[in-house]
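# Fold the following and give me the result.
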Amino acid sequence: VPVSVICFPRQNYPLYIRSIPTENELKFHYTVHTSLDVVDEKISAMGKALVDQRELYLGLLYPTEDYKVYGYVTNSKVKFVMVVDSSNTALRDNEIRSMFRKLHNSYTDIMCNPFYNPGDRIHSRAFDNMVNSMMMQVC
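Sure, this is the predicted structure:
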């Protein structure tokens, strides 16, 4: 079951990319980059309500024939995008939300590391392990 996780800061360049399997990684990149427009639309539509929330689960951004694209934005405007196979009917909305919270918590741990420069690509074994375990759970 194909799964892809990508993390973007405000400037929309990827901080972290992980896909299983890796054969269609370029297709996932295209799908995710096109979803950033939907994320920005949803954020601007929320307006002031976004300021009042600690985190924002955007839900299903858009489905394609093969994939479903989900989005999540933190209070610091870091965007997480997850692409899952549309044939995976076992995934419920609350499970996707839970996975995004795990990603957010792990990202927060990285930001608390004094040796990490915000805006650099994420190179963390702990983050990789968390993402891998999450992806295996989905597959």
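
# low pLDDT regions in the chain?
In the predicted model, the chain carries pLDDT under 70 at residues 1-4, 47-55, 139.

# By residue count, tell me the biggest helix in the chain.
Longest helix in the chain, counting residues (DSSP state H): helix 25-46.

# elements contacting it?
When contacts are defined as 3 or more CB pairs under 8 Å, 6 or more residues apart in numbering; DSSP states H and E, helix 25-46 packs onto strand 3-8, strand 16-20, strand 55-63, strand 67-74, strand 79-85. Using the backbone N, CA and C atoms, a C-beta is placed for each residue, glycine as well.

# Let's have those in a markdown table, adding mean neighbour count and distance to Met130.
What follows is the helices and strands packed on helix 25-46, written out as a markdown table (neighbours: other CB atoms under 10 Å; distance: least, CB to CB, whole Å):
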| stretch | mean neighbour count | distance to Met130 |
| --- | --- | --- |
| strand 3-8 | 23 | 10 |
| strand 16-20 | 18 | 10 |
| strand 55-63 | 16 | 17 |
| strand 67-74 | 22 | 15 |
| strand 79-85 | 23 | 13 |
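
# Include distance to Asp37 when you put the ones you listed into a markdown table, please.
Formatted as a markdown table, the helices and strands packed on helix 25-46 follow (distance: least, CB to CB, whole Å):
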| stretch | distance to Asp37 |
| --- | --- |
| strand 3-8 | 12 |
| strand 16-20 | 18 |
| strand 55-63 | 9 |
| strand 67-74 | 11 |
| strand 79-85 | 11 |
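
# And these: which comes nearest Asn113?
Closest approach to Asn113 among the helices and strands packed on helix 25-46 is made by strand 16-20 (14.2 Å; CB to CB).

# Can you give the strand pairings for that closest one, parallel or anti for each?
Using DSSP bridges, strand 16-20 pairs in its sheet with strand 3-8 (antiparallel).

# got the angle between the longest helix of the chain and strand 79-85?
Angle of helix 25-46 versus strand 79-85, following axes from the mean of the first three to the mean of the last three CA atoms, to 10 degrees, is 130 degrees.

# for the helices and strands packed on helix 25-46, which one sits closest to Val38?
Ranking the helices and strands packed on helix 25-46 by proximity to Val38 (CB to CB) places strand 55-63 first, at 4.4 Å.
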